[in-house]
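Engineer: The sequence and its predicted three-dimensional model are supplied below.
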There are 2 protein chains.
Amino acid sequence: MEVICAECPLRRLPAFQSLTGDDLAVTDRLKRGELRVEAGMPILMQGATSPQLFTVLRGQGLRTKTLPDGERQVLGFVFPGDFLGLQAAVMAEMEHSVEAATDMLLCVFDRNDLRQLYQDAPRRAFDVTWLAAMEESLLSEALATVGQLPARARVAWGLLKLLQRAEVSGLAPADEGRAAMPFRQQDLADALGLSVVHTNKMLAALRADGLATWRDGVLDVHDRAGLARAAGIPPETKRDRPLI
Amino acid sequence: MEVICAECPLRRLPAFQSLTGDDLAVTDRLKRGELRVEAGMPILMQGATSPQLFTVLRGQGLRTKTLPDGERQVLGFVFPGDFLGLQAAVMAEMEHSVEAATDMLLCVFDRNDLRQLYQDAPRRAFDVTWLAAMEESLLSEALATVGQLPARARVAWGLLKLLQRAEVSGLAPADEGRAAMPFRQQDLADALGLSVVHTNKMLAALRADGLATWRDGVLDVHDRAGLARAAGIPPETKRDRPLI
DNA sequence: CGGAGAATTGAATTTTATCAACTGATGTGG
DNA sequence: CCACATCAGTTGATAAAATTCAATTCTCCG
């Protein structure tokens, strides 16, 4: 086991809440090990039960849902600090899949220990609920965006969200508006409910307007305010999040 | 206080989990009263903090999110047994609104008691997380539907979901395929990311195909299998849910 | 009886998807 | 080292889907 919770590099990020030594110890005791996953490999499968829960230490991934007719919806992008598999632990099985977009390093927990956590560490249990509520909030915003905004605004929103997530999770400096983006345009299109072709055209439009450029795996936001305007001006919101 | 938890009529429904006397007592102690809300009135407001949490005893409502540009997305339909306001209790403020579609009767809890619940009744705390995970799952499915399916399939999916929710919450007998629907076509359209006009045309198409009729506040599903096929065949799933 | 809100229908317009072709980068086997 | 396949991105032309606009009906309510 390489990383103990007390020395977890993620804890140093301003986005994450600080913890008491006690809570740290509880978490550390529950940690079962680490798992390396190669880019492109599945982490959790839709329809399967998983004996394990994960926290992302390094790398990025995708949450995807496949419909009976074969269509794919990207539910969200996975970044360091994200908690994976709560659904499988709490309900019967996963309703979506998670796959690695880059090589990833995961912190492993046991599904059965979750009940124990609720007994022994109510504060940490509350944090788990906090994360679930946060996910719900993210999904709500995505649904509203996909349901109500035209294509250009959707793409602008998607780029802003990606940049924010990268900044908060320490993958990009906070003010440069630049971050590594290991995802494909197809992934963004599937997240926004657009065809790849149209997504590509909207990206070209945003680029032509000097708002943002996404090329060779690097996203560059040249005009954050302008991009926010194109997305329908959702003012920037930040929140301290717990880390499991 | 009219209803004590031990005699809550919702507990008799097969959809809800049974509870130990202990857990019931804890819940009962936390119940602060009941609240009557008239049709059309707001229950929780987007952007506001709420000192209270609610469980729906009677009536139906809508969860809605308003975008900065004024567009409205319906995030979901509220039925008896639903738990409202978790977001406000766990995070800083509500990210969406909840309003009554019919006259409603709500069970009232105090926001500050939630922490206490996590201390005193870990099993109930786990149930709260279960509900949050369930909401997340519902939103995921909605996002995939809105993002990937064509209009006719979306409407078919919406009608099926509405019927299922009505049946599970005891508002409609399980096998008749018929339920009271106090919502407007505009609400369904806003839930599916379609215009009212187009939603209306798709409803007409489904009616013409003998699949379902929605008229005068009553939804009639004539051919459940056919409707499911039109929606892309999401096989029927049922789950026992906890009741807070 | 008049008016407001909701449902319905047809027609014109816009948005987005689909199809098809081409580029550039990457990787593989001969 | 080159021919060849593959995969992601790009672009233009065409087709389909859904929106908007406009007009009408219906019901409920004062």
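Structural biologist: Now that the structure is in, tell me what you want to look at.
Engineer: and residue A:62, that's in a strand?
Structural biologist: Yes. According to DSSP: H, G, I helix; E, B strand; the rest coil, residue A:62 belongs to a strand.
Engineer: and the residue nearest to residue A:243 when sequence neighbours are not counted, bridged to which residues?
Structural biologist: In this structure, residue A:243 finds its nearest non-sequential neighbour in residue A:16, 4.6 Å apart by CB to CB, 6 or more residues apart in numbering or on different chains. Backbone N, C-alpha and C define where each C-beta goes, glycine included. Judged by DSSP bridges, the bridge partners of residue A:16 are residue A:241.
Engineer: Check whether residue A:107 sits in a helix, strand or coil.
Structural biologist: Classification of residue A:107 into helix, strand or coil gives strand, according to three-state DSSP.
Engineer: Can you classify the closest residue to it other than its chain neighbours by secondary structure?
Structural biologist: For residue A:107, ignoring the flanking residues on the chain, the nearest one in space by CB to CB, 6+ apart is residue A:55 at 4.2 Å. Reducing the assignment to helix, strand or coil with three-state DSSP, the entry for residue A:55 is strand.
Engineer: and residue A:55, what does it touch?
Structural biologist: A:81, A:82, A:83, A:84, A:106, A:107, A:109, A:243, A:244 (CB atoms under 8 Å, 6 or more residues apart in numbering or on different chains).
Engineer: Of those, keep whichever come out buried.
Structural biologist: A:81, A:82, A:83, A:84, A:106, A:107, A:109, A:243, A:244 (16 or more other CB atoms under 10 Å in any protein chain shown).
Engineer: and the last one, how far is that from chain B?
Structural biologist: With the distance defined as CB to the nearest CB, to the nearest Å, residue A:244 ends up 12 Å from chain B.
Engineer: quick check, that residue in a helix?
Structural biologist: No. Residue A:244: not assigned to a helix; according to three-state DSSP it is coil.
Engineer: what distance separates the start and the end of stretch A:38-58?
Structural biologist: Stretch A:38-58 stretches 12 Å from its first residue to its last (CA to CA, to the nearest Å).
Engineer: Kindly indicate which of the contacts of residue A:55 lies nearest residue B:212.
Structural biologist: Closest to residue B:212 out of the contacts of residue A:55 is residue A:84 (37.7 Å), distances taken as CB to CB.
Engineer: Disregarding residues adjacent in the polypeptide, which is nearest to residue A:171?
Structural biologist: Setting aside the residues directly before and after it, residue A:171 is nearest to residue A:179 in space (CB to CB, 6+ apart), at 6.0 Å.
Engineer: actually residue A:219, sorry about that
Structural biologist: Nearest residue to residue A:219 in three dimensions, chain neighbours excluded: residue A:181, at 4.4 Å (CB to CB, 6+ apart).
Engineer: Regarding the one you found, what are the backbone dihedral angles?
Structural biologist: Backbone torsions for residue A:181, taken as degrees, to the nearest 10, come to phi -130, psi 90.
Engineer: Residue A:205 versus that one, what's the distance?
Structural biologist: Distance of residue A:181 to residue A:205, computed by CB to CB, to the nearest Å: 18 Å.
Engineer: Now do residue A:116: how many residues are near it, please.
Structural biologist: A count of neighbours around residue A:116, defined by other CB atoms under 10 Å in any protein chain shown, yields 15.
Engineer: pretty sure it is in a helix, no?
Structural biologist: Yes. Residue assignment for residue A:116, taken from three-state DSSP, places it within a helix.
Engineer: and it, what does it touch?
Structural biologist: Contacts for residue A:116 (CB under 8 Å, 6+ apart) come out as residue A:30.
Engineer: Any buried residues in stretch A:199-219, and which?
Structural biologist: In terms of neighbour count (16+ other CB under 10 Å), stretch A:199-219 has its buried residues at A:199, A:200, A:202, A:203, A:206, A:211, A:212, A:213, A:214, A:219.
Engineer: swap that for stretch A:184-198, sorry
Structural biologist: By neighbour count on 16+ other CB under 10 Å, the buried set for stretch A:184-198 is A:187, A:188, A:189, A:190, A:191, A:192, A:193, A:194.
Engineer: any idea which element residue A:89 lies in?
Structural biologist: Counting by DSSP states H and E, the secondary-structure element that holds residue A:89 is helix A:86-90.
Engineer: And for residue A:85, nearest residue in space, chain neighbours not counted?
Structural biologist: Beyond its immediate neighbours in the sequence, the residue positioned closest to residue A:85 (CB to CB, 6+ apart) is residue A:53, lying 4.3 Å away.
Engineer: need the contact list for the one you found.
Structural biologist: Shown in contact with residue A:53 (CB under 8 Å, 6+ apart): A:83, A:84, A:85, A:86, A:88, A:89, A:108, A:109, A:110, A:111, A:114.
Engineer: The worst-scoring helix or strand of chain A on mean pLDDT vs chain B: in contact?
Structural biologist: Per-element confidence for chain A was summarised using mean pLDDT, DSSP states H and E. The lowest value among helices and strands belongs to helix A:21-30, with a mean of 88. No. Using CB under 8 Å from any CB of the partner chain, helix A:21-30 stays clear of chain B, with a minimum separation of 13.2 Å.
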